[in-house]
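Asks: Here's my sequence, what's the structure:
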Amino acid sequence: MKDRHKQIKDFIVQYLKTHGYPPSYQEIGEGVGLYSKQSVHENIQQMNDLGIIRAIPGQPRCISVPGWRFVEEQ
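Replies: Numbering: from 1, shown residues only. Purely as a prediction, here's the structure:
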């Protein structure tokens, strides 16, 4: 896994833990220092193709991380 992919995955996991829903591409970019939405999109697409994450293209905040399950605590 590329360092950038690990950084993005870790950001997504932390965001999910904190907020209970996935980050937007803009929030991912701001969180990992990518200032181009195209760069974020390309990394997300690569990660999806590699199975690091699951993302539904064209759907906002539709990112999940295989092996992680986030549930609301009561």
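Asks: With adjacent residues omitted, what lies nearest to Ser39?
Replies: Gly29 (7.2 Å; Cβ to Cβ, 6 or more residues apart in numbering). Quick note: C-beta positions are derived from backbone N, CA and C, even for glycine.
Asks: cool, Gln26 as well?
Replies: Closest to Gln26 by Cβ to Cβ, 6+ apart is Lys37, at 6.8 Å.
Asks: residues touching the residue nearest to Ile63 when sequence neighbours are not counted, list them.
Replies: Distances taken as Cβ to Cβ, 6+ apart place Pro22 nearest to Ile63, at 4.2 Å, with adjacent residues excluded. The neighbours of Pro22, taking Cβ atoms under 8 Å, 6 or more residues apart in numbering as the test, are 12, 15-16, 61-64.
Asks: Ile28 too?
Replies: Neighbours of Ile28 in contact, by Cβ under 8 Å, 6+ apart: 8, 11-12, 34, 40, 44.
Asks: likewise Gln45?
Replies: For Gln45, the contact set (Cβ under 8 Å, 6+ apart) comprises 55, 57.
Asks: quick one, phi psi at it?
Replies: Phi and psi for Gln45, reported as degrees, to the nearest 10, are phi -60, psi -40.
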